[in-house]
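> structure for the following, please:
(one chain, ligands or ions: 1)
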Amino acid sequence: TSNQMWGGRFAAGPDAIMEAINASIGFDQRMAAQDIAGSRAHAAMLAATGVISDSDAEAIGKGLLTVLSEIEAGTFAFSTALEDIHMNVEARLKEIIGEPAGRLHTGRSRNDQVATDFKLWVRDQFDAAETGLIALIKALLGQAEAGADWVMPGFTHLQTAQPVTWGHHMMAYVEMFGRDLSRVRDARARMNECPLGAAALAGTSFPIDRQMTARALGFDRPAANSLDAVSDRDFALEFLSVASICAMHLSRFAEELVIWSSAQFRFVALSDRFSTGSSIMPQKKNPDAAELIRAKVGRIYGANTALMMVMKGLPLAYSKDMQEDKEQVFDAADNWMLALAAMEGMVRDMTANRDSLAAAAGSGFSTATDLADWLVRVLGLPFREAHHVTGSLVALAESKNCDLPELALSDMHSVHKEITQDVFEVLGVDNSVRSRTSYGGTAPDQVRAQIARWKDAL
Ligand code: ARG
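As a prediction, the model looks like this:
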């Protein structure tokens, strides 16, 4: 038998393989609540504009709530023959209320219906991402505040570069996740136009009120071009690209936590709640959450690339290719939210090892730049020469197997005669970080100003 929704011109039903490749109900049932909200707004508008009767609209509205409660209760029997969530809901509505159900699809198509449902779903995920990002930023601010003046090594090439403060390092991630937050808000504002009423692609001859449905569904306005409205998936692509950039930030931080929690670094201790053990090595405490966050970026980039590939080259307006949008976005959203929550928990629970950080901060000739700057400031050497002199002192310390502050003044004089005892003041890591007072620098006062600015902004 042919399809009850569109089978009028068909003599035979679909092949089983056709049904299998065509059906999306296996995954798009996640949009049931959005589909029903959209249909309720549409039915109310059809009544308000006189397209259907008030009593039909009332029956539809009530019936849809019954369908929703069946789906929420898990008693709804989803049918693959009915392809997708839209037709499953409508077919059940017909069973419940009879003839008026057939009037719901007036002036509407599944093309504008699915675009509306999916936008509503993605919009909720933007909101969830905003909440998750704010929570993560607050956890980072907590860490930054506790250790605004704790010294640690700053790295370039993962080689000791210059001392920085723990607070400064935490605040670097606050800036990154802060940009993610602004991208989320930006994309959410841009996507908030309602496709409903674009119908199949050309709009409709019924006197519908698109302002009314847009408002009822919390959109800022109806989408301005019906062809664009049904063929646009930019909102999903922006969601995936914002997610990709954020996942990249999460992955970089996760990598640092993996390194920092190792026995070789001991910069941080992760809590038991966010660590796992080994089934053979009794001593192990592994940073599995950080490793999984580091890996999640792979599937999120994958989803972004997959949907970019699906959309490229599609002629206007709707093509069935676009049904491939949902699983990518669902998977990316689930894993992005999970990664944000896991990172927030890890950051909130972790303990920075102040002593290890300080010990590491002073090793590896981390204050060599301070020494070179001193030669410029006090002895008036050109920076290039100061750089060279300092390099010789580093080589000397290395040959003596000591750090710069442990060199004797006589050792210094063997490289440059005018160096005075004062130089040792700038070789300490605390002095070093306190001296970096330029805007955005690592000095504790600068870090505290950065923290205050963010607390204000949130
Ligand atoms: N299940 C479809 C999707 O996810 C709904 C829209 C179908 N429209 C159509 N004309 N076949 O995209």
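
> not counting sequence-adjacent ones, nearest residue to residue 160?
Taking CB to CB, 6 or more residues apart in numbering as the measure, residue 160 lies nearest to residue 364, with 3.1 Å between them; neighbours along the chain are not counted. Bear in mind the C-beta positions are built from the backbone N, C-alpha and C, glycine included.

> do the same with residue 81
Closest residue to residue 81 apart from its sequence neighbours, by CB to CB, 6+ apart: residue 19 at 6.5 Å.

> next to the ligand, which bits of the stretch 101-250 of the chain? Give me the list.
For the stretch 101-250 of the chain, the residues found near the ligand under the criterion CB under 6 Å from any ligand atom are 110, 111, 114.

> you'd agree the residue nearest to residue 160 is up against residue 159?
Yes - counting by CB atoms under 8 Å, residue 364 does reach residue 159; the two are 7.3 Å apart.

> which of those two has more residues huddled nearby?
Neighbours were tallied for residue 364 and for residue 159 using other CB atoms under 10 Å; the higher tally belongs to residue 364 (16 against 8).

> phi and psi next, for residue 13.
In terms of degrees, to the nearest 10, the main-chain angles of residue 13 are phi -80, psi 170.

> that one: what's it in contact with?
The neighbours of residue 13, taking CB atoms under 8 Å, 6 or more residues apart in numbering as the test, are 1, 2, 3, 7, 81.

> how near is it to residue 418?
Distance, residue 13 to residue 418, using CB to CB, to the nearest Å: 95 Å.

> a markdown table for the contacts of residue 13, including neighbour count?
A markdown table is the format used below for the contacts of residue 13 (neighbours: other CB atoms under 10 Å):
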| residue | neighbour count |
| --- | --- |
| 1 | 9 |
| 2 | 13 |
| 3 | 15 |
| 7 | 13 |
| 81 | 16 |
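
> closest one of these to the ligand?
residue 3 (11.1 Å; CB to the nearest ligand atom).

> just the pLDDT for the closest one.
Looking at residue 3, its pLDDT is 83.

> likewise residue 279?
Looking at residue 279, its pLDDT stands at 86.

> now swap in residue 398 and tell me
The model reports residue 398 with a pLDDT of 95.

> find the nearest non-adjacent residue to it, please.
Excluding the flanking residues, the one nearest residue 398 by CB to CB, 6+ apart is residue 365, at 8.0 Å.

> now swap in residue 409 and tell me
Spatial nearest neighbour of residue 409, excluding adjacent residues (CB to CB, 6+ apart): residue 421 at 6.0 Å.

> over to residue 51?
In this structure, residue 51 finds its nearest non-sequential neighbour in residue 206, 5.2 Å apart by CB to CB, 6+ apart.

> rewinding a little: for the residue nearest to residue 160, grab phi and psi.
The phi and psi values for residue 364, taken as degrees, to the nearest 10, are phi 70, psi 20.

> I'd like to know how far it sits from the ligand.
Shown here: residue 364 relative to the ligand, a distance of 56 Å by CB to the nearest ligand atom, to the nearest Å.

> distance of that residue from residue 155?
Distance of residue 364 to residue 155, computed by CB to CB: 9 Å.

> which residues of the stretch 1-150 of the chain fall in helices?
Residue ranges of the helices in the stretch 1-150 of the chain, as given by DSSP state H, counting those that start in this stretch, are 16-22, 25-28, 32-48, 54-73, 85-97, 110-146.

> now whichever residue of the stretch 251-400 of the chain sits closest to the ligand, nearest residue through space, not along the chain?
In the stretch 251-400 of the chain, no residue comes nearer to the ligand than residue 323, which is 3.6 Å away by CB to the nearest ligand atom. Spatial nearest neighbour of residue 323, excluding adjacent residues (CB to CB, 6+ apart): residue 24 at 5.2 Å.

> okay, that neighbour: pLDDT?
Confidence for residue 24, expressed as pLDDT, is 98.

> quick one: contacts for it?
Contacts here follow CB under 8 Å, 6+ apart; on that basis residue 24 touches 83, 84, 85, 323, 326.

> what of residue 250?
By CB under 8 Å, 6+ apart, the contact list for residue 250 reads 293, 294, 296, 297, 339, 340, 343.

> what's the pLDDT at it?
Turning to residue 250, the model gives it a pLDDT of 98.

> is it within a helix or a strand, and which one?
Assigned by DSSP states H and E, residue 250 falls within helix 234-260.

> return the set of buried residues in that helix.
Buried positions in helix 234-260, judged by neighbour count with 16 or more other CB atoms under 10 Å: 235-247, 249-251, 253-254, 256-260.

> and the contacts of residue 24, which of them are buried?
Applying a neighbour-count criterion of 16+ other CB under 10 Å, the buried members of these are 83, 84, 85, 323, 326.

> quick revisit: adding distance to the ligand, write the contacts of residue 13 out as CSV.
Formatted as CSV, the entries for these read as follows, by distance: CB to the nearest ligand atom, whole Å:
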residue, distance to the ligand
1, 19
2, 15
3, 11
7, 13
81, 14
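
> and which of those residues is nearest residue 69?
The nearest member of the contacts of residue 13 to residue 69, counting by CB to CB, is residue 81 at 23.2 Å.

> so what's residue 52 up against?
Listed by CB under 8 Å, 6+ apart, the contact set of residue 52 reads 43, 46, 60, 100, 103, 106.

> quick check, nearest of the contacts of residue 24 to residue 430?
residue 326 (54.6 Å).

> any weak-confidence spans in this protein?
In the predicted model, the chain carries pLDDT under 70 at residues 1.

> which residues in the protein form strands?
The residue ranges that make up the strands of the chain, judged by DSSP state E, are 151-156, 159-165, 193-194, 221-222, 268-269, 351-352.

> nearest to residue 412, of the ones you listed?
The closest approach between residue 412 and any of the strands of the chain, judged by CB to CB, belongs to strand 159-165 at 20.3 Å.

> picking that back up, among the contacts of residue 250, which two are most distant?
Maximum pairwise distance among the contacts of residue 250 (CB to CB): 13.9 Å, between 294 and 340.

> contact partners for residue 29?
Counting by CB under 8 Å, 6+ apart, residue 29 has contacts 71, 78, 85, 88.

> with respect to residue 188, which of these is nearest?
Residue 188 lies nearest to residue 85 out of the contacts of residue 29, by CB to CB, at 23.2 Å.
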